[in-house]
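*Asks:* Coordinates only, no sequence provided:
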C-alpha cells in the first residue's frame, strides 16, 4: 500500500488542533465552531504490477542502450536505437511511470557501461556490438513468441 505524505500531514494537523493541549489556557473560551467536513482522501494510485516479461524487457533495454553507444562509436550506419526504445516505452508502459523509469534507467545503464569502457572503436567494441545485437534479437524473439499477440 502506498502512503502519501500530504493527506497524512493534514490528518495529523487536524488531530493536533483538536487535542486538549491545543485549547486556550485563559479563562475566556472561544465559541465552539463546528469542525469542517473532512475531505475524503483520494484513492492511492494503482499499484503497478510487473509484467511477466519485465526481466527480459529490462535486459533488452540494457542491450539497446549498449548497441546504441557501440554503433555510434564505430560509425556504423545508425538505426535510431533511442527512437526504437522510445516506441517500446510508449507501447508497453503508457500508464505506468515506474516501469517506464526502470526501462529508461536500464537503457541508460547499458549506454553508460560501454561509454565508460570503450572510448575508441576497437575489435573488442565491434565484437561486443555483434554479440549484443544477437542477444537483443534473441530476447525480442523470445518475448514476442511467448507473450506477443
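*Replies:* Here it is on my side, so go on. Quick caveat: nothing in here was measured; it's all calculated off a predicted structure.

*Asks:* Helices of the protein, residue ranges please.
*Replies:* Taking DSSP state H as the criterion, the chain carries its helices at 5-18, 54-73, 81-92, 97-117, 123-147.

*Asks:* Turn those helices into JSON lines, including distance to residue 39.
*Replies:* Where you see a C-beta, it was placed from the backbone N, CA and C, and this is true even at glycine. Listed next are these as JSON lines, based on distance: least, CB to CB, whole Å:
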{"stretch": "helix 5-18", "distance to residue 39": "8"}
{"stretch": "helix 54-73", "distance to residue 39": "36"}
{"stretch": "helix 81-92", "distance to residue 39": "35"}
{"stretch": "helix 97-117", "distance to residue 39": "25"}
{"stretch": "helix 123-147", "distance to residue 39": "42"}
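
*Asks:* hey, which of the ones you listed is tucked in deepest?
*Replies:* Mean neighbour count (mean count of other CB atoms under 10 Å) peaks for helix 54-73 among these, with a mean of 21.

*Asks:* now the helices of the chain as a markdown table including mean pLDDT?
*Replies:* Below are the helices of the chain laid out as a markdown table (pLDDT from 0 to 100):
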| stretch | mean pLDDT |
| --- | --- |
| helix 5-18 | 30 |
| helix 54-73 | 92 |
| helix 81-92 | 79 |
| helix 97-117 | 92 |
| helix 123-147 | 92 |
